[in-house]
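>>> Coordinates for the following, if possible.
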Amino acid sequence: MARWERLVSTVDGAHLVFALGALYVALAAGRTFSVVASGGAIPNAVIDFVLVGSPGLALLYAGDRLPRAEVPREVHPRIAAWCLGAAAVLLGVVGLLVLDSEVTISQPAWSASLAAAIGSFGGLAIGTNEARAITRAHEAEEHEQELKRQNERLESFASMLAHEVRNPLNIAQIYLPQAAEGDADATEEVETALGRIEEMIEILLVTARSDDASLARKEVALSAVAEDAWADLGVERATLVVETDRALRVDPVHLRHLLENLFRNAVEHAGSDVTVRVGSLQSGFYVADDGPGISVADREAVFEAGYTTEAGGIGLGLTFVAQLVETYGWDCRLVESESGGARFEFRNVEVVERRERRPE
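Next up, the predicted model:
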């Protein structure tokens, strides 16, 4: 059957099945007209038409329905191959009978037409069932792959949750004994840390669901959020330069966590004296540093879960960035900054206004 499938793979399988049906209907109609024209019995003519025309009509119907059926188009040639193959087998049987001197076939041409029509109809049934079996197998494989992707996403979600929550949890644990003794400042630190944990869980749930409808967008000043995120890092030698007064429509908590991850990535990889710049793009913003940069070969891999160049790192900061970008429907591009470092560009962002401190 593979040989027949290769033979018909260059043509549309549904069209070939339809053409076979049309051929058998034409042969049946011609046979009926010939019998009636020669004075033959009409019942015999009707029987002849039914014998060859019925399989032909079935093939016509199947060829017309295949493009709209659940069977994928790529298996249509296989169905046509079964129709041709089965017809060839029965034609071979008729040919052997004709060659057999002990068997008499008064109308070999009509017998061959009948055998081919019945064979094609049988091949249609076999091919359709096989195609459905192949389709079910492909669907099962796709379902398995989807489950695998979901499991990987859940594992990534669990790892990111642990990654993001670890720092504020440590802070809460440090200040908890003092808070229990009535220290107001320690109590405030614990409350802040717990609030941060709650925010992180909310963000990770949003990114895990990739549900744009659940985003609480509002007008947010990019510069203010960037400065808040930078202050939370507690770095002393590094420098943040904000070159935009642009406002975005976004959840401020989500934007702050995205910027925190980018800032933290810059400090960890470019050094504690790095300079990080935040500026505007035509339809978004960018975050750039003056560190060693990221090679072209690694610019896609850095967003994958588990990618890290730091000993003991788990490589989830930029994965979080990528998932949040996907949730918002932004476009993210990693290129080289003017100083040779890394520059993360975010476009297709919902911008409220654009007032630059200085041109980009």
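
>>> which residues of the stretch 201-350 of the chain fall in strands?
Taking DSSP state E, counting those that start in this stretch, the strands of the stretch 201-350 of the chain run over residues 218-221, 239-242, 247-250, 275-281, 284-289, 331-336, 342-347.

>>> what's the most buried one of the ones you listed?
Mean neighbour counts were taken over the strands of the stretch 201-350 of the chain using mean count of other CB atoms under 10 Å, and the top value, a mean of 23, falls to strand 284-289. The C-beta positions use only the backbone N, C-alpha and C, and glycine is treated the same way.

>>> That one to strand 342-347, inter-axis angle?
Strand 284-289 and strand 342-347 meet at an angle of 170 degrees, taking axes from the mean of the first three to the mean of the last three CA atoms, to 10 degrees as the criterion.

>>> and the gap between Asn129 and Val75?
Taking CB to CB, to the nearest Å as the measure, Asn129 and Val75 are separated by 11 Å.

>>> Determine which member of the two has the greater number of neighbouring residues.
For Asn129 versus Val75, the count of surrounding residues by other CB atoms under 10 Å is larger for Val75: 21 against 12.

>>> was I right about the more buried one contacting Ala133?
No. The criterion here is CB atoms under 8 Å, and Val75 misses it with Ala133 at 9.9 Å.

>>> what about the residue nearest to Leu16 when sequence neighbours are not counted, distance to Glu70?
Distances taken as CB to CB, 6 or more residues apart in numbering put Ala80 closest to Leu16, at 4.2 Å, once the chain neighbours are dropped. Ala80 sits 17 Å away from Glu70, going by CB to CB.

>>> One more: Phe344?
Distance from Phe344 to Glu70, by CB to CB: 43 Å.

>>> Can you give me the end-to-end span of stretch 103-110?
End-to-end span of stretch 103-110 (CA to CA, to the nearest Å): 16 Å.

>>> Glu146: how many residues sit nearby?
Glu146 sits with 10 neighbouring residues when counted by other CB under 10 Å.

>>> element containing it?
helix 108-180 (DSSP states H and E).

>>> tell me what that helix is packed against?
Contacting helix 108-180 under the criterion 3 or more CB pairs under 8 Å, 6 or more residues apart in numbering; DSSP states H and E are the following elements: helix 13-37, helix 42-65, helix 76-99, helix 184-209, helix 317-328.

>>> orientation of it relative to helix 317-328 in degrees?
Calculated by the same axes, to 10 degrees, helix 108-180 forms an angle of 120 degrees with helix 317-328.

>>> what does stretch 82-91 rub up against?
With CB atoms under 8 Å, 6 or more residues apart in numbering as the contact definition, stretch 82-91 has outside contacts at 1, 4, 7-8, 16-17, 20, 59, 112, 115-120, 122-124, 126-127, 130.

>>> So among those residues, which ones count as buried?
Listed as buried from those are 4, 8, 16-17, 20, 59, 112, 115-120, 122-124, 126-127; burial here means 16 or more other CB atoms under 10 Å.

>>> ok so, going back, using TSV, lay out the strands of the stretch 201-350 of the chain together with distance to Ala186 and mean pLDDT.
As requested, those are arranged in TSV below (distance: least, CB to CB, whole Å; pLDDT from 0 to 100):
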stretch	distance to Ala186	mean pLDDT
strand 218-221	31	91
strand 239-242	28	94
strand 247-250	33	92
strand 275-281	31	94
strand 284-289	34	94
strand 331-336	39	91
strand 342-347	36	94
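
>>> which stretch among those comes nearest Arg31?
Closest approach to Arg31 among the strands of the stretch 201-350 of the chain is made by strand 331-336 (65.0 Å; CB to CB).

>>> what is the orientation angle of the closest one with strand 342-347?
Between strand 331-336 and strand 342-347, the angle comes out at 150 degrees (the same axes, to 10 degrees).
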